[in-house]
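K.L.:
no FASTA, just this:
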Ligand code: 4AD
Ligand code: MG
């Protein structure tokens, strides 16, 4: 007999249907004449109830073994539930315990545990209601992302994780080396001798797949990446990870306007799809984590995002009736408190800020006619701040080379990037969505470490 996932039974199961379920016990209550066992297999937030009659073979010994966390297979038939709280339940004919779980030492109990406590139990926390809901939403969100791009004819391209270039030029790189970090070989000039390294030159974990995505867009028109990226930065906040996943579409024959339109349609699509696919989980977040989650989703799906220039954003911040910790001044980068003020307090919806000063943005962004700003765009979300960063790219070779030099980037090493402007250059644009930030935004989870199964931060690198 094939197993049935609990979510299917809860949604569609009918009385008299024969089922085989495999899962873990969440609770067992023995009352007079019956024991009620709640089973979960990760497919749904709700548990499936199995009601064992005291006539069941070896009833007492069996019920003693069905402790919290133990793994079981149950064969039986579905029956309409007499009790409140569930539509359908299982009348078992055979119960097999695979692995017992000692309730005295099992760290997860029926009560609510703090997220901090659960972070110390990275190997068990996915079995809790909240983390279970988060990872189902994360999965639905991933598949919605692929669906969105695949339906529009984008090619999913795999860009390297080990790379020689620093795309963002921010120096937040992790080195990948076979040299002994404590005692690297030196050249006669006293510099590290990378000729003895595996690649023969410095290599890093990628901070973004964008530059390689641009290569692919110049052949396939519309492409996207979806993979891990790594940054050695500021990782002790509730919105930063050292290892996070990024989604990076890149489009040939596209300008900043087209880029903003795609980003907005994209966010609308993933919110809508997740609401359709995970209604119980989203309802749970709204009840238990953040009571604005459903209203926010509705707002994203049904209202247009606000679009303002950086210069307008600075004017709004200067007029704000409150003091900020960091200075507000044309030419300075927006801090997360500024971003949150714009999205959360002023407009109460996502805000797309475009045309930032060239001095605070990466070398590849297209210089505007004013010579002061670049065709950049950031999407700012209430509560989170920046969830998307993108731009139209500089497609003019002479200006690009000047910008590379102005940013002290290695002109020679970027020969292939410059070649793209030499052979069939076109206006093109793209953006990067911080995947964990969008899952955080969607679920209302306060800390980014609780929306990725194995968070990598300076404080937490157990696995
Ligand atoms: O704004 P960023 O740095 O943009 C880029 O990397 C571009 N190359 C993207 C592109 O145009 N193809 O990063 C993009 C997004 C940010 O908006 C943020 O949501 C997320 O990545 N992000 C992080 N998420 C978690 N932890 C971190 N340390 C992050 N750094 C950036
Ligand atoms: Mg950014």
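P.N.:
Received, thanks. Keep in mind the model is a prediction, meaning the values are calculated, not measured. Ligands and ions are numbered 1, 2, ... in the order given.
K.L.:
Give me the secondary structure label for residue 82.
P.N.:
Taken by DSSP: H, G, I helix; E, B strand; the rest coil, the conformation at residue 82 corresponds to coil.
K.L.:
That one: how many residues sit nearby?
P.N.:
Neighbourhood size, residue 82 [other C-beta atoms under 10 Å]: 8. Heads up, the C-betas are built off the backbone N, CA and C, glycines and all.
K.L.:
nearest residue to residue 440 other than its sequence neighbours?
P.N.:
Leaving aside its chain neighbours, residue 440 sits nearest to residue 451 (5.2 Å; criterion: C-beta to C-beta, 6 or more residues apart in numbering).
K.L.:
check contacts around that neighbour.
P.N.:
If a contact means C-beta atoms under 8 Å, 6 or more residues apart in numbering, then residue 451 has 134, 138, 436, 439, 440, 443, 445 as its contacts.
K.L.:
so what's the fourth one closest to, chain neighbours aside?
P.N.:
Put plainly, it is residue 439. Spatial nearest neighbour of residue 439, chain neighbours left out: residue 451 (4.3 Å); criterion: C-beta to C-beta, 6+ apart.
K.L.:
Read off the pLDDT value for that neighbour.
P.N.:
pLDDT, residue 451: 98.
K.L.:
ok, the residue nearest to residue 440 to residue 3 distance?
P.N.:
29 Å (C-beta to C-beta, to the nearest Å).
K.L.:
With residue 178 instead?
P.N.:
According to C-beta to C-beta, residue 178 and residue 3 sit 46 Å apart.
K.L.:
So these two - more neighbours on which side?
P.N.:
Per other C-beta under 10 Å, whichever of residue 178 and residue 3 has more neighbours is residue 3, with 14 against 9.
K.L.:
Please identify the helix or strand for that one.
P.N.:
Using DSSP states H and E, residue 3 is not contained in any helix or strand.
K.L.:
That one contacts residue 18, doesn't it?
P.N.:
No. If you go by C-beta atoms under 8 Å, residue 3 and residue 18 don't touch, sitting 11.7 Å apart.
K.L.:
What helices and strands are in contact with the biggest strand by length in the chain?
P.N.:
Counting residues, the longest strand in the chain under DSSP state E turns out to be strand 18-31. With contacts taken as 3 or more C-beta pairs under 8 Å, 6 or more residues apart in numbering; DSSP states H and E, strand 18-31 sits against helix 6-12, strand 34-40, strand 48-53, strand 71-80.
K.L.:
Near ligand 1, which residues of the stretch 201-350 of the chain are found?
P.N.:
208, 210, 231, 233, 240, 241, 244, 246, 248 (C-beta under 6 Å from any ligand atom).
K.L.:
Okay, and which of these map to helices?
P.N.:
residue 210 (DSSP state H).
K.L.:
Flag the least confident of the residues of the stretch 201-350 of the chain next to ligand 1.
P.N.:
Within those, pLDDT reaches its minimum at residue 233, with 85.
K.L.:
can you pull the buried residues of stretch 312-329?
P.N.:
Using 16 or more other C-beta atoms under 10 Å as the burial criterion, the residues of stretch 312-329 that qualify are 313, 314, 316, 317, 328.
K.L.:
ugh, typo on my part, it should be stretch 42-53
P.N.:
43, 44, 45, 46, 47, 48, 49, 50, 51, 52.
K.L.:
got these as TSV, with distance to ligand 1 and pLDDT columns?
P.N.:
Listed next are these as TSV, based on distance: C-beta to the nearest ligand atom, whole Å; pLDDT from 0 to 100:
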residue	distance to ligand 1	pLDDT
43	28	98
44	29	97
45	26	97
46	31	96
47	33	97
48	36	98
49	39	97
50	41	98
51	45	97
52	46	98
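K.L.:
So of those, which two are at opposite extremes in space?
P.N.:
45 and 52 (23.3 Å; C-beta to C-beta).
K.L.:
returning to that earlier point: quick one, phi psi at the residue nearest to residue 440?
P.N.:
Dihedral angles of residue 451 (phi, psi; degrees, to the nearest 10) stand at phi -120, psi 10.
K.L.:
How much space separates it from ligand 1?
P.N.:
Separation of residue 451 from ligand 1 (C-beta to the nearest ligand atom, to the nearest Å): 10 Å.
K.L.:
Look up the pLDDT of residue 82 for me, please.
P.N.:
Here, the pLDDT recorded for residue 82 equals 89.
K.L.:
Next to ligand 1, which bits of the stretch 51-200 of the chain? Give me the list.
P.N.:
167, 168.
K.L.:
For residue 25, which residues are in contact?
P.N.:
With contact set as C-beta under 8 Å, 6+ apart, residue 25 has these partners: 37, 38, 39, 66, 67, 68, 69, 70, 71, 72, 101.
K.L.:
Pull the number of nearby residues for the nearest residue to the last one once chain neighbours are set aside.
P.N.:
Spelled out, it's residue 101. If the residues on either side of it in the chain are set aside, residue 101 comes closest to residue 69, at 3.3 Å by C-beta to C-beta, 6+ apart. Neighbours of residue 69 under the rule other C-beta under 10 Å: 19.
K.L.:
Test my guess that residue 69 contacts residue 24.
P.N.:
Yes. Using C-beta under 8 Å, residue 69 is in contact with residue 24, at 6.2 Å.
K.L.:
and for the two, which residues touch both?
P.N.:
Residues touching both residue 69 and residue 24 by C-beta under 8 Å, 6+ apart: residue 127.
K.L.:
if we can go back for a sec, in the longest strand of the chain, what counts as buried?
P.N.:
Within strand 18-31, the residues that qualify as buried are 19, 21, 22, 23, 24, 25, 26, 28, 30, counting by 16+ other C-beta under 10 Å.
K.L.:
Show me which of these is closest to ligand 1.
P.N.:
Ligand 1 lies nearest to residue 24 out of those, by C-beta to the nearest ligand atom, at 31.1 Å.
K.L.:
Look up how far residue 43 lies from the closest one.
P.N.:
According to C-beta to C-beta, residue 24 and residue 43 sit 12 Å apart.
K.L.:
Equivalent analysis for residue 281, please.
P.N.:
Counting by C-beta to C-beta, the gap from residue 281 to residue 43 is 11 Å.
K.L.:
And for residue 257?
P.N.:
42 Å.
K.L.:
likewise residue 261?
P.N.:
Look at residue 261 and residue 43: by C-beta to C-beta, they are 36 Å apart.
K.L.:
Among the contacts of residue 25, which one is most surrounded by other residues?
P.N.:
The most crowded member of these, judged by other C-beta under 10 Å, is residue 37 (26 neighbours).
K.L.:
That'll do, ta.
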